[in-house]
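A.B. asks: With the input below, show me the fold.
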Amino acid sequence: MTNTPPTLPAPYMRLLPPAPPPGRPSFLRLQAEARAILLAGAAVPLPQPVVRLQRRLRDRVRDELLDTGAVGHRLYVLEIAGPNPRVKIGRTEKLWTRIDQHLREMNRYQYGLVDAHLTERLPDDRALGRAEAQAHAWMARHYQPITREEYANADYDFAVTCANAAANLHLTRPIRRQPTT
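C.D. replies: Okay, here's the model as predicted:
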């Protein structure tokens, strides 16, 4: 008795449909692979999994901006992987341009973008500044700042929560009370 599975005779094998092409790796699998490559210290040029992940992230950000309106005051959160992983909370009115600037700067030093998040649009620059300051204050309570906007070894999901909560606090203008006579 053998343990080999039964096979079809050769003439019948030609009748079977061809095997499907390998699918695109899932976002999470690609993200884990890119994160591991960057933590180990990627060489220049960056390996293909990192480039593919960054391209998919840019597409996701672009799609979200097109769906919600590309112009507006927003906070953004970036998870940056590399020899010293970090999370960045920043603000901008022109997010698409700012993401490209960050990618160029990161990639030059073998760091890569592994996740990105955008908050709701804020009404004006003043609300944006207050929301950013609040998000940074919450982050600084739990993580060591590297720069004014970056935190070493910080939890990305916590940073997203801080940014969303801070943006929601400043989402609308305060109601002005009418003077009573």
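
A.B. asks: next structured bit after the least confident helix or strand in the chain by mean pLDDT?
C.D. replies: When each helix and strand of the chain is scored by mean pLDDT, DSSP states H and E, helix 10-13 comes last, with a mean of 71. Following helix 10-13 in sequence order, the next helix or strand is helix 27-39 (DSSP states H and E).

A.B. asks: tell me what that following helix is packed against?
C.D. replies: helix 48-68, strand 74-81, strand 112-118 (3 or more Cβ pairs under 8 Å, 6 or more residues apart in numbering; DSSP states H and E). Placement of C-beta: from N, CA and C, glycine included.

A.B. asks: how about the ones you listed in a markdown table, adding mean pLDDT, mean neighbour count and distance to Ala10?
C.D. replies: Output for those, formatted as a markdown table (pLDDT from 0 to 100; neighbours: other Cβ atoms under 10 Å; distance: least, Cβ to Cβ, whole Å):
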| stretch | mean pLDDT | mean neighbour count | distance to Ala10 |
| --- | --- | --- | --- |
| helix 48-68 | 89 | 16 | 37 |
| strand 74-81 | 94 | 24 | 49 |
| strand 112-118 | 94 | 22 | 48 |
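
A.B. asks: Switch these over to a markdown table; also include distance to Leu171.
C.D. replies: Formatted as a markdown table, those follow (distance: least, Cβ to Cβ, whole Å):
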| stretch | distance to Leu171 |
| --- | --- |
| helix 48-68 | 14 |
| strand 74-81 | 11 |
| strand 112-118 | 14 |
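
A.B. asks: Would you check that Leu75 makes contact with Leu128?
C.D. replies: Yes: if you go by Cβ atoms under 8 Å, Leu75 and Leu128 touch, sitting 7.1 Å apart.

A.B. asks: what residues are shared contacts of the two?
C.D. replies: Shared contacts of Leu75 and Leu128, defined by Cβ atoms under 8 Å, 6 or more residues apart in numbering, comprise Arg91, Leu122.

A.B. asks: for the protein, which spans come out with low pLDDT?
C.D. replies: Along the chain, the parts satisfying pLDDT under 70 run over 1-2, 5-6, 8, 13, 20, 70, 172-181.

A.B. asks: ok, for Ala140, nearest residue in space, not its chain neighbours?
C.D. replies: Spatially, and ignoring its direct neighbours in sequence, Ala140 is nearest to Tyr151 (7.7 Å; Cβ to Cβ, 6 or more residues apart in numbering).

A.B. asks: from the chain's centre, how far out does stretch 89-101 sit?
C.D. replies: 12 Å (Cα atoms, centre = their mean, to the nearest Å).

A.B. asks: For it, list every residue counted as buried.
C.D. replies: For stretch 89-101, the neighbour count (16 or more other Cβ atoms under 10 Å) marks Ile89, Gly90, Arg91, Thr92, Leu95, Arg98, Ile99 as buried.

A.B. asks: just checking, which of those residues belong to helices?
C.D. replies: Among these, the ones falling in helices (DSSP state H) are Leu95, Arg98, Ile99.
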